[in-house]
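1. Please find the sequence and the predicted model below.
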Amino acid sequence: MTVSKGPHYLTTDGRPVIPVGTHVVPAEGPDWPWRCSAKAFDEAFAKMAALGLSIARIDLLWAAIEPTPGVFDQEHLAVLDEILDSARRHGVWLHPTLFVGGEVGDAFWDVPWRDGRNPHADPELREAQVRHARAFAERWAGDPAIIAWDLTDEPPFWAVDGTTDDDARAWTSSLVDALRPSGRLITVGTASQEVDHGPFRADVVAPLLDFACVHPYAIYSPELYPDALLDPRMTHSAAFEVALAAGAGKPVMLHEFGASSAQYAPARIADYDRLLCWSALGRGAIGFVSWCWSDCEPAACRRVPYSRMPHETQFGMVAADGRLRPRGRVLADLAAALRHLDLTEYAARGPAPRAAIVVPHEYAHPYDPASYGLEEPHGPYVPAERTWRPDPSVKPLVRAWLNAFTLAAGAGMAVAFPRERIDEVWPTARLVMLPAPLASTTTSLWHVRTSYWQGARDFLATGGTIYASMSSDVAIPNLSDLAGCSIADRAPASDVVELRFVAPWGPLRAGEVLTLPAVDDDPTLRGVRLTLTDPETPGISAVNVVAVDADGEPALVVARHGDTGGQVVICAFPVELLLARIPDAHRRHPRWQALYEGLADLSDARETAWAEGVTSGALHGERGGALTLTNHTPDPVEATLHLPPEARAAHILDATGSSPLSGRRVQVAGYGAALVVWGT
């Protein structure tokens, strides 16, 4: 079993697959999780197989398996062998998760002999984990019931602080080496590491793995998602995290997701799951594993962790009495539709976004000496920022990415997240977006390097378009030479940000106005006053003001560069960050999507296959492609398809099979999804 050369599916026995399933945690019996019965797993696997689900993630609790260093509980291992046999019998692939110390909220079962050591950093404890992993690799080597190993669930997974990037890299490397002889794929089930800048983010560990993972729990990140469950920002969260992690160079599985029926209506959770999964599929997700199979039984509510975490009791695909919840049907329908999709012919190449948001080098490699530009001998240079801002939050950066991604998705653009190159070579894209704070100055993790702008002219010479939104924290060297305008001052203090269009832009006509609440007491959220520069600036053939602010000053400026077709678009306000502050922003202020529709029209940055009226995502293969359609609104939409010129017959795939598509219009239900496959 290997990852295919085309990076957007797994292969097993030579057959490409996108596994769909769930995490099985049978919370039953007074001895859980120490003595789980194989019978409970067997019943779950049988029901999963009947639904057409193909993968089950299970926990291998370290403290229960190895209560004494080097001594395995043979009775526990025998039960695990039975569980493996059961999965094989039902045709469900197992995805075992090693070294689980905690699951379900704040649950934490410590290894009694850890003695306060950090298992990622302590050499002796790390070697103990290598021996533990190697024992499983030998015990289950080559077993066809195992699709992949999960090094652990949501590291840093111990009640310790201080794990560094180097610790995470070394820990991952040592365990991957221990498991390689098993002949199975290897990943690690990370949560929020990209958006929290944790040490196990994809930039650190993905190069060591066969594929990366994300666990998008938007409901637990109100600083990014201050929204109701079905706001478009929430329902794009999985697609966003998949695309962001994929920028580190490995395919990405949607590895854990869900919401509690104790907090949200089951029908709304089903809609949420549908939009999460199908939009992530369109951004290249290679698998789907929900949290979790079953609600906990009533007796478990008296025990920790459920007695302290009531919301954790009802994340199930099935209720405690075995009844299928609506989200279970959503996952079964996804699995059924994917069984009808020929991945090799129509999806092997994955997505091909034509728009990009640059991820700063400092985000991927903080304080990397290779990026300092110094030559030997240069003395003991140390960035002072590490002292006066030792733990800078990346949340402002992530908020900008997320809201730009959501606006772009609504405008028909898929967005890649390439990492900034220190040789100043820009991405191969039609549109490169740098929403504030990517061009800021105060916090190095938030912005591209000063010299990165030296590569902008080469990018413009390819006919590309640059978009940058401004805050009063932005500083771009020689901005006037690139954009035909410069920063004169901070924007005047005001209660409202206003863009009054004086020329057509996307769907907007001259005279239309977009507004947002202003934030004028924070320089990272306050806009700038722009002034136009010399119209004879070398290389710039035209400068046009498309919109003005409330004072009539330039607020959206487009500069065209000579015969190359290159363009620079400057917005005087940090629109993406302002939207980030507003709960349900993309429902309450939907017209701001028109800003990105104008960018898409100007730059020709939509995918070669896309759909108007819904979010779409295209996968490509040898004989055509597959287009996912997701309607992130409650009302039905008739989507208009734009397929490549070479596209011939198109079909709709769903849980029941394939049906020919007549014309180029598709009805998509409120909060619904569809899959269109075309041939060439």
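-> Thanks, I have it.
2. okay, the closest residue in space to residue 549 that isn't next to it in sequence: pLDDT?
-> Leaving aside its sequence neighbours, residue 549 sits nearest to residue 555 (CB to CB, 6 or more residues apart in numbering; 4.2 Å). In short, each C-beta sits where N, CA and C put it, glycine included. Note on residue 555: pLDDT of 98.
3. Can you get me a residue count around residue 555?
-> 29 (other CB atoms under 10 Å).
4. quick one: it is in a strand?
-> Yes - Residue 555 forms part of a strand when assessed by DSSP: H, G, I helix; E, B strand; the rest coil.
5. The closest residue to residue 673 other than its chain neighbours: what secondary structure?
-> Leaving aside its sequence neighbours, residue 673 sits nearest to residue 278 (CB to CB, 6+ apart; 3.8 Å). Following three-state DSSP, the label given to residue 278 is helix.
6. Could you do residue 259 as well?
-> coil.
7. Quick check: the gap between it and residue 425.
-> According to CB to CB, to the nearest Å, residue 259 stands 41 Å off from residue 425.
8. what's the answer for residue 256, then?
-> Residue 256 is 35 Å from residue 425, by CB to CB.
9. Repeat that for residue 435.
-> 21 Å.
10. more neighbours, these two?
-> Set residue 435 next to residue 425 and count neighbours by other CB under 10 Å: residue 435 wins out with 25 against 12.
11. just the strands in the stretch 201-350 of the chain please.
-> In the stretch 201-350 of the chain, the strands defined using DSSP state E, counting those that start in this stretch lie at 212-214, 252-254, 288-290.
12. for the ones you listed, which one ends up most surrounded?
-> Mean neighbour counts were compared across the strands of the stretch 201-350 of the chain using mean count of other CB atoms under 10 Å; the top stretch is strand 212-214, at a mean of 30.
13. Now do the phi/psi pair for the spatially closest residue to residue 631 that is not a sequence neighbour.
-> Spatial nearest neighbour of residue 631, chain neighbours left out: residue 668 (4.3 Å); criterion: CB to CB, 6+ apart. Dihedral pair for residue 668: phi -120, psi 120, per degrees, to the nearest 10.
14. residues in contact with residue 668?
-> 613-614, 629-631, 636-639, 674 (CB atoms under 8 Å, 6 or more residues apart in numbering).
15. Output the residues you listed as CSV; include the columns distance to residue 355.
-> Output for the contacts of residue 668, formatted as CSV (distance: CB to CB, whole Å):
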residue, distance to residue 355
613, 19
614, 17
629, 19
630, 18
631, 21
636, 28
637, 22
638, 25
639, 20
674, 23
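16. Spatially, which two of those are the most separated?
-> Farthest-apart pair in these is 630 and 638; separation 14.6 Å (CB to CB).
17. where along the stretch 301-450 of the chain do the helices fall?
-> 326-339, 343-346, 361-364, 385-388, 395-410 (DSSP state H, counting those that start in this stretch).
18. Just name the most buried of those.
-> The most buried one of those (mean count of other CB under 10 Å) is helix 395-410, showing a mean of 26.
19. Break down the stretch 1-150 of the chain into its strands, ranges please.
-> 10-12, 15-17, 20-23, 55-61, 93-100, 148-153.
20. Which of those strands sits closest to residue 125?
-> strand 93-100 (10.6 Å).
21. Find out how far that closest one is from the centre of the chain, if you would.
-> Centroid separation for strand 93-100 versus its chain: 22 Å, with CA atoms, centre = their mean, to the nearest Å.
22. Now do it: which elements does it pack against?
-> strand 55-61, helix 62-65, helix 74-90, helix 123-139, strand 148-153 (3 or more CB pairs under 8 Å, 6 or more residues apart in numbering; DSSP states H and E).
23. give me the low-pLDDT residue ranges for the protein?
-> 1-8, 12-14, 27-35, 101-107, 157-158 (pLDDT under 70).
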